[in-house]
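Peer 1: let me see the structure of the following:
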Amino acid sequence: MLFQMAIASRLEDVPLLSDGLCRSLAARFGEDGLVRLQIGLAEAANNIVQHACQGREDRTISLSCRPDGCGVLLVLEDDGVASDRDLNAAAVEAAANPPDFFAENGRGLWLLLQCFPTVRFERKDGINRLILHYTG
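Peer 2: Numbers count the residues shown, from 1 in each chain. Below is the predicted model of the structure:
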């Protein structure tokens, strides 16, 4: 395991995840190689706070990171509510149809796909998992 951390579901705590992860991966990817990782992780964690945890601070978000081939595998887990839509299908749709860049929302999945070559969602035993592969 390269990195592991859990935070309360609060927007102000999201930088703890991204900053901590980037510090632990700096030697592996270099500062320039971490820009997309930091942007994508912040987007993912913010969406978890807002959508899955619905702003409830009594929920938990955890992040683990392990080596995976030429990159790393990130797993974000939360004990929030299940999505009311198939997020894997929504990601395929987002990849095929870029969003309206002037819209106030609706760009999250597309942004994740710009940062990570692999984005996958799972839900098992009441836990949401977002699995992200990062190659630098």
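
Peer 1: need the residue closest to the centroid of this structure.
Peer 2: What sits nearest the mean C-alpha location of the chain, by C-alpha atoms, centre = their mean, is Ala44, with 3.2 Å.

Peer 1: so that residue is in which element?
Peer 2: Ala44 is located in helix 35-47, with elements delineated by DSSP states H and E.

Peer 1: is it true that Ser18 touches Glu43?
Peer 2: No. The pair Ser18 / Glu43 is not scored as a contact, 9.8 Å apart, by C-beta atoms under 8 Å. Placement of C-beta: from N, CA and C, glycine included.

Peer 1: any idea which helix or strand in this protein has the lowest mean pLDDT?
Peer 2: helix 87-96 (a mean of 82; mean pLDDT, DSSP states H and E).

Peer 1: show me what the helix or strand following that one is packed against.
Peer 2: Next helix or strand after helix 87-96 toward the C-terminus (DSSP H and E): helix 108-115. Helix 108-115 sits against helix 35-47, helix 87-96, strand 118-124, strand 127-134, with contacts defined as 3 or more C-beta pairs under 8 Å, 6 or more residues apart in numbering; DSSP states H and E.

Peer 1: just give me how far helix 108-115 sits from the chain centre.
Peer 2: 9 Å (C-alpha atoms, centre = their mean, to the nearest Å).

Peer 1: got it, and stretch 58-73?
Peer 2: Centroid separation for stretch 58-73 versus its chain: 9 Å, with C-alpha atoms, centre = their mean.

Peer 1: for stretch 48-66, same thing?
Peer 2: Chain-centre distance of stretch 48-66: 10 Å, with C-alpha atoms, centre = their mean.

Peer 1: report the mean confidence score over the lengthiest helix in the chain.
Peer 2: Scanning the chain for the longest helix, with DSSP state H as the assignment, gives helix 14-29. Across helix 14-29, the average pLDDT comes to 95.
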